[in-house]
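1. Just to be clear, the model below is a prediction. Sequence and coordinates:
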Amino acid sequence: MSPAAEPGVPREHAALRGQRVTVMGLGLFGGGLEVTRYLAGLGARVTVTDLRPKEKLAESLAALAASTHAPVELVLGEHRERDFTDTELVIANPAVAPSNPFLAAARRAGVPISSELVLFLEATRARVVLVTGTQGKSSTSHQTAALLAASGFRVELGGNIGRSLLSTLDELGGEAIAVVEISSYQLEALPERMRATPSVAAACCTNVLADHLERHGTLEAYDAAKRRILELCDERSVCVLNRDDPRVSAWRTTRGATWWYSARGAAGAELGIARGEFRRGSEVLGRVADLRVPGAYQQENVLAALGLARALGAAPEALAAAVPTLTGLEHREQDLGSFGGRRVWDNGVSTTPDSTIAALRSLARPLVVLIGGQMKNLPLDELVDELRSRDARVVLFGGSRDELAPAFARGGIEHVLAPTVADAVPAAWSLARAADEILFSPACASFDAYRNFKDRAAAFRAALPARDGESPGAVS
């Protein structure tokens, strides 16, 4: 029998009081901060270990000291095997691959390995919506939360989109909904015998495209990691899956209901777009013309979000009324306005060629495109073909600019090289012709020079000239 929980302590985790728990990875952004605070609050004996020295973790350590009042042992600049073998639980940061030798040592010693996500799913009383996918998972999560909130539900949005939801365990009852963006890293790291989770009311996968092969090795392994989202569903769950994506359409669910969605009229789709309307069968969930979020591909994301919200019980009329109120996330084909006589688009979220291709096809304007960063092991042929068909010109910037250049040269793409984002901006204006607009869509990872894509996009905005009619520094 599980021990009785103290007030504010979920029954599922009451047994952790007094137990030794190792948290692997505090992280530069405090990725392990919330789970450390939570475990220490339960009364666990927590050790936090990170390969980075304390100097590099200063920001995260300050946040930990400010928010965690129970004692926490810190092991920084190294990992010690005994912290993984002489303990009762390991909580691994999703950035750590399951093949890591210290995690392997924990498994050999019979120590269970879990994650912040699993702790949340075990203990939350809220109904949970899980959203994954190579592209569109953040937008779909954001739109789902907005649609549910507009329909009168208590909603919290978190997960990979940037916020831990462990702090909501006390606040969210069974009437509330938690919308959780979940990455392939988080899914891959689920326990091998992960059971269906009664809290998961709905799950969605937007697509599976080539990405993160440096972690997963092959596209097939990446697809298998994404597919693990189905393991979290039970007989009451609704799986909202993209019929238009070749890999996702091959998935087969074994529990719960499956609602396929298709923006292209695929046969057998529960959710679709017809006669200018978002529809579920005969139900009208909104008018496409009312959608103000830029990017044609966002129609697919909104269609999925409408399906998820409907599966959670939102009324069709409320959803249709909410569609005109939806907004996009920053750095997703965001129109920044006119600078130096040229319209500028921030698609800084792009870290793959596919995501830049989607933006190019959506904008359909004459463009100069800023591409660069840390090159991934992904093919560039389709991106080069798309740029050539548009007669686009390109500025290649960052650490991989010299590696990128031969592919663009072979494709006959007019391009110039720039060391940094700050150098790339004036180069783009120099390269532009009369009607050209400027698109920042890097198609590469940001880790050559930045902590994440948001920092890189901020550097791009900071390098822009004054917005037409405003003083310098007006972009936010």
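-> Cool, got the structure. Note that the coordinates shown come from a computational prediction; the quantities given were computed from them, not determined experimentally.
2. going forward, measure contacts and count neighbours with C-alpha atoms only.
-> Noted.
3. same for the worst-scoring helix or strand of the chain on mean pLDDT, what does it pack against?
-> Across the helices and strands of the chain, mean pLDDT, DSSP states H and E gives its lowest value to helix 213-216, namely a mean of 81. Contacts defined by 3 or more Cα pairs under 8 Å, 6 or more residues apart in numbering; DSSP states H and E place helix 213-216 against helix 219-227.
4. tally of neighbours for Ala266?
-> When neighbours are counted by other Cα atoms under 10 Å, Ala266 registers 15.
5. Spit out the contact partners of Leu308.
-> Contact analysis of Leu308 by Cα atoms under 8 Å, 6 or more residues apart in numbering lists Val129, Thr144, Ala202, Ala203, Cys204, Val240.
6. let's see it at 7 Å
-> Counting by Cα atoms under 7 Å, 6 or more residues apart in numbering, Leu308 makes contact with Thr144, Ala202, Val240.
7. tell me the SS of the last one?
-> Assigned state for Val240: strand (three-state reduction, DSSP: H, G, I helix; E, B strand; the rest coil).
8. Residues in a beta bridge with it, which ones?
-> Cys204, Trp259 (DSSP bridges).
9. how about it, what does it touch?
-> Taking Cα under 7 Å, 6+ apart as the test, what Val240 contacts is Ala203, Cys204, Cys205, Thr258, Trp259, Trp260, Tyr261, Ala304, Gly307, Leu308.
10. between those residues, which is nearest Arg451?
-> Cys205 (26.4 Å; Cα to Cα).
11. What number of residues are in the vicinity of the closest one?
-> For Cys205, the count of nearby residues is 26 (other Cα under 10 Å).
12. Next: Val349.
-> Residues near Val349, counting by other Cα under 10 Å: 26.
13. re earlier: list the buried residues of the least confident helix or strand of the chain.
-> Of the residues in helix 213-216, His216 count as buried by neighbour count, 16 or more other Cα atoms under 10 Å.
14. Now tell me what touches it from outside.
-> The contact list for helix 213-216, computed with Cα under 7 Å, 6+ apart, reads Leu219, Tyr222.
15. Out of the contacts of Leu308, flag the one nearest to Ile371.
-> Nearest to Ile371 among these, with distances taken as Cα to Cα, is Thr144, at 30.4 Å.
16. show me the residues around the closest one that make contact.
-> Thr144 neighbours (Cα under 7 Å, 6+ apart): Ala305, Leu306, Leu308, Ala309.
17. contacting residues for the second one?
-> Leu306 is in contact with Thr144, Leu285, counting by Cα under 7 Å, 6+ apart.
18. Shouldn't it be within a helix?
-> Yes. Under three-state DSSP, Leu306 sits within a helix.
19. Please read off the pLDDT at Asn427 from the model.
-> Just to correct that, residue 427 is Ala rather than Asn. We note a pLDDT of 98 for Ala427 in this prediction.
20. I'd like to know which elements the host helix or strand of Asp455 is packed against.
-> Per DSSP states H and E, Asp455 falls inside helix 453-463. Contact partners of helix 453-463 among helices and strands, from 3 or more Cα pairs under 7 Å, 6 or more residues apart in numbering; DSSP states H and E: helix 421-431.
21. Could you figure out how far the helix it packs on is turned away from helix 453-463?
-> Orientation check (axes from the mean of the first three to the mean of the last three Cα atoms, to 10 degrees): helix 421-431 against helix 453-463 gives 50 degrees.
22. how far away is Ser199 from Gln143?
-> With distances taken as Cα to Cα, to the nearest Å, Ser199 is found 20 Å from Gln143.
23. neighbour count winner among those two?
-> The residue with more neighbours, out of Ser199 and Gln143, is Gln143; 27 against 24, by other Cα under 10 Å.
24. Test my guess that the more buried one contacts Leu303.
-> No. If you go by Cα atoms under 7 Å, Gln143 and Leu303 don't touch, sitting 9.6 Å apart.
25. can you pull the contacts of the closest residue to Leu241 other than its chain neighbours?
-> Leaving out its chain neighbours, the residue that sits closest to Leu241 by Cα to Cα, 6 or more residues apart in numbering is Trp260, at 4.9 Å. Trp260 makes contacts with Val240, Leu241, Asn242, Arg243, Ala269, Glu270, Leu271, as judged by Cα under 7 Å, 6+ apart.
26. Tell me who's in contact with the second one.
-> Right, Leu241. Cys204, Cys205, Thr206, Val248, Trp259, Trp260, Tyr261.
27. how does it look with 10 Å?
-> 133, 203-207, 248-249, 251, 258-262, 269-271, 304, 307 (Cα atoms under 10 Å, 6 or more residues apart in numbering).
28. Report the buried members of those residues.
-> Buried among those (16+ other Cα under 10 Å): 133, 203-207, 248, 258-262, 269-271, 304, 307.
29. how about the strands of the stretch 301-450 of the chain, start to end?
-> 334-339, 342-346, 367-372, 393-397, 415-418, 437-440 (DSSP state E, counting those that start in this stretch).
30. same for the last one, what does it pack against?
-> With contacts defined as 3 or more Cα pairs under 10 Å, 6 or more residues apart in numbering; DSSP states H and E, the secondary structure elements packing on strand 437-440 are strand 334-339, strand 342-346, helix 353-363, strand 367-372, strand 393-397, helix 421-431, helix 453-463.
31. between the ones you listed, which one is nearest to Ser164?
-> helix 453-463 (18.2 Å).
32. Can you give the contact residues for that closest one?
-> The contact list for helix 453-463 (Cα under 10 Å, 6+ apart) reads 330-331, 336, 344, 346-351, 370, 373, 420-426, 440-442, 444-447, 449-450, 472-476.
33. Give me the buried entries from those.
-> 331, 344, 346-351, 370, 373, 420-425, 440-442, 444-446, 475.
34. Surely Ser199 and Asp234 touch.
-> Yes. Using Cα atoms under 10 Å, Ser199 makes contact with Asp234 at a distance of 9.0 Å.
35. Distance check, Ala44 against Tyr38.
-> Distance check for Ala44 against Tyr38: by Cα to Cα, it reads 9 Å.
36. of those two, who's got more company?
-> More crowded of Ala44 and Tyr38, by other Cα under 10 Å: Ala44, with 23 against 17.
37. Phi first, then psi, for that one.
-> Torsion angles at Ala44 (phi, psi; degrees, to the nearest 10) stand at phi -70, psi 160.
38. And Thr85, by the same measure?
-> According to degrees, to the nearest 10, Thr85 has phi -110, psi -30.
39. Does it touch Pro101 like I think?
-> No. The pair Thr85 / Pro101 is not scored as a contact, 11.6 Å apart, by Cα under 10 Å.
40. Overlap in contacts, these two.
-> With Cα under 10 Å, 6+ apart as the test, Thr85 and Pro101 both reach Arg107.
41. When those two are compared, which one has more neighbours?
-> Just comparing Thr85 and Pro101: by other Cα under 10 Å the higher neighbour count belongs to Thr85, 22 against 11.
42. Now the more buried one: closest residue in space, sequence neighbours ignored.
-> In space, Thr85 comes closest to Ala106 once its chain neighbours are excluded; the distance is 5.0 Å by Cα to Cα, 6+ apart.
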